[in-house]
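Engineer: Following is a predicted model, sequence given first.
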Amino acid sequence: MLGWNAPLLPPLARTEIDRAADERDEPGLLDRLRADPLARVIAVRGDRTLLSVSGDRLHTLAPDEIGERAEWAFLGRDDDGRALLLAALPDSAEPAAPALSGGAEWGSLRAVGGVLEAADAGLFATAVSLGRWLVDAPFCSACGTRTVIRAAGWARTCPSCRREHFPRTDPAVIVAVTSADGERILLGKNALWADRNMYSTFAGFVEAGESLESAIVREIREEAGVEVTASGYRGSQAWPYPRSLMIGFRAKVAADATATPDGVEIVDARWFDRAEVRAGLAGAGEVALPGSASIARALIEEWAHERTDP
C-alpha cells in the first residue's frame, strides 16, 4: 500500500453539517419546523439551488417562500441552532416570487461546489443527494405502491407491503494512476467528451461482491490496459450524478507501459508530466482538466503540486 501523511479533503467533503439525526423521529417535526419563521430552507431543483448574488454562498429561504409542490426533509441545524430544511422541487416547479428577490440565481453543484465555503459545499451536496431521491423514487420498488415519508425525509415506508426504503448510495472508485517513479500521471479522455479535449482520472462503480482494491485493478485494466500493483486511499466525497460516493485512491503501475484505452468508454489515454498538468490546471495547457468541485480535480492537483526535489 502507498501512504501519505495527510488525508485529501475533496471540495464536497471539507465539512460535515450537524445532521441532528436524533430529532428525525420526533412526531410532527417537519410540520412544526415549516411553521418556524427562524428555520432556513435550501430549495433544490435537480442538482441546482439558489445562490447569492456573488455566487459563492447559498441563498436560503423562509419556509413560507416555498410553493406547494415540494418534498420536505430536515437536514439538521446550523451553528446558531436554527433548523435547516430541504425543499426538493420537481423540475417544473418554482419557489414563490420572494425567493428570487435580491438577485439570487439558480446554480448547479457541479459548477459551484468547488468555490463555495466549506459549510455551504457540504450542505449543498447533502441537499442534492437527498432531494433527488425524494423526487425521483416515490414508489415502492417491490410492489409499486406510493410510499410514505418518515424519519423527517430520510426514509420511506410502503403502506402496502411494509417495506422500508432509504436513499441509495452507489460506491465508485476513482484513481490517480502514476508511473512507477511517480513522475507522470495517466489520464483518460471519456467518449462523452468528444467536443472537449478533456482528460481525467479513471473511475468506475464497484461491482457486486467486489472489494475496492479489486475494483481499482479491474477498472484500470479495462479502461487503460495497464496493471497497477499498489494503491492507497486518499479521500471520498458524495457525487450525486446520479447517487455516487466517489472513493479516491492513488495507484502505481507495475512497470511503465503504453496505455491502451478500451475504445468504448475511454477513447484516449496519455501519460502527462507535472509541467503539462500544471499548465492544464492554470487553463493554459493543450488539454482541459475536471472542474473544481470534483474529486478528480483534487487528486490531480495533489499530485501536480507535490515536491519533486530530494
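Structural biologist: That came in fine, so what should we check first?
Engineer: Quick check, pLDDT for residue 196.
Structural biologist: The confidence metric pLDDT takes the value 87 at residue 196.
Engineer: For the nearest residue to residue 261 once chain neighbours are set aside, grab the count of nearby residues.
Structural biologist: In this structure, residue 261 finds its nearest non-sequential neighbour in residue 269, 4.4 Å apart by CB to CB, 6 or more residues apart in numbering. Bear in mind the C-beta positions are built from the backbone N, C-alpha and C, glycine included. Other residues lying near residue 269 total 22 when counted by other CB atoms under 10 Å.
Engineer: Also residue 9?
Structural biologist: Neighbour count of residue 9, defined by other CB under 10 Å: 15.
Engineer: Would you report the backbone torsion angles of it?
Structural biologist: phi -110, psi 90 (degrees, to the nearest 10).
Engineer: looking at it, it is touching residue 235, isn't it?
Structural biologist: Yes: using CB atoms under 8 Å, residue 9 makes contact with residue 235 at a distance of 6.1 Å.
Engineer: anything in contact with each of the two?
Structural biologist: Residues touching both residue 9 and residue 235 (CB atoms under 8 Å, 6 or more residues apart in numbering) are residue 298.
Engineer: and stretch 293-310, C-alpha only, in CSV?
Structural biologist: Output in CSV follows, covering the C-alpha atoms of stretch 293-310 (Å, rounded to 0.1, in the frame of the first residue of the first chain):
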residue,chain,number,x,y,z
ALA,A,293,-16.0,20.6,-7.5
SER,A,294,-14.8,17.1,-8.5
ILE,A,295,-12.6,14.7,-6.5
ALA,A,296,-10.8,14.0,-9.8
ARG,A,297,-9.6,17.6,-9.8
ALA,A,298,-8.4,17.2,-6.2
LEU,A,299,-6.5,14.0,-6.9
ILE,A,300,-4.8,15.6,-10.0
GLU,A,301,-3.9,18.8,-8.1
GLU,A,302,-2.5,16.9,-5.2
TRP,A,303,-0.1,15.0,-7.5
ALA,A,304,0.8,18.0,-9.6
HIS,A,305,1.8,20.2,-6.6
GLU,A,306,3.9,17.6,-4.8
ARG,A,307,7.5,18.5,-4.3
THR,A,308,9.8,16.6,-6.6
ASP,A,309,13.2,17.7,-5.2
PRO,A,310,15.0,15.4,-2.7
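Engineer: can you list the residues that contact it?
Structural biologist: Residues from elsewhere that reach stretch 293-310 (CB under 8 Å, 6+ apart): 8-13, 109-114, 121, 174-176, 178, 183, 185, 187, 200-201, 203, 234-237, 239, 246, 248, 250, 274, 277-278, 281, 289-291.
Engineer: Residue 198: how many residues sit nearby?
Structural biologist: 18.
Engineer: Tell me the bridge partners for it.
Structural biologist: Each beta-bridge partner of residue 198 is listed here: residue 288, as defined by DSSP bridges.
Engineer: Surely it is in contact with residue 288?
Structural biologist: Yes: counting by CB under 8 Å, residue 198 sits close enough to residue 288 to count as a contact (4.2 Å).
Engineer: Contacts only, for the one residue sitting closest to the centre of the chain.
Structural biologist: The residue lying closest to the centre of the chain (CA atoms, centre = their mean) is residue 239, at 1.8 Å. By CB under 8 Å, 6+ apart, the contact set of residue 239 is 12, 172, 245, 246, 294, 295.
Engineer: what about the residue nearest to residue 154 when sequence neighbours are not counted, how many residues close to it?
Structural biologist: Setting aside the residues directly before and after it, residue 154 is nearest to residue 24 in space (CB to CB, 6+ apart), at 5.8 Å. For residue 24, the number of neighbouring residues by other CB under 10 Å comes to 18.
Engineer: Let's see the pLDDT reported for residue 24.
Structural biologist: At residue 24 the predicted local distance difference test score is 98.
Engineer: What of the one 3 residues further on?
Structural biologist: Model confidence at residue 27, expressed as pLDDT, equals 96.
Engineer: what about it, distance to residue 20?
Structural biologist: Distance check for residue 27 against residue 20: by CB to CB, to the nearest Å, it reads 16 Å.
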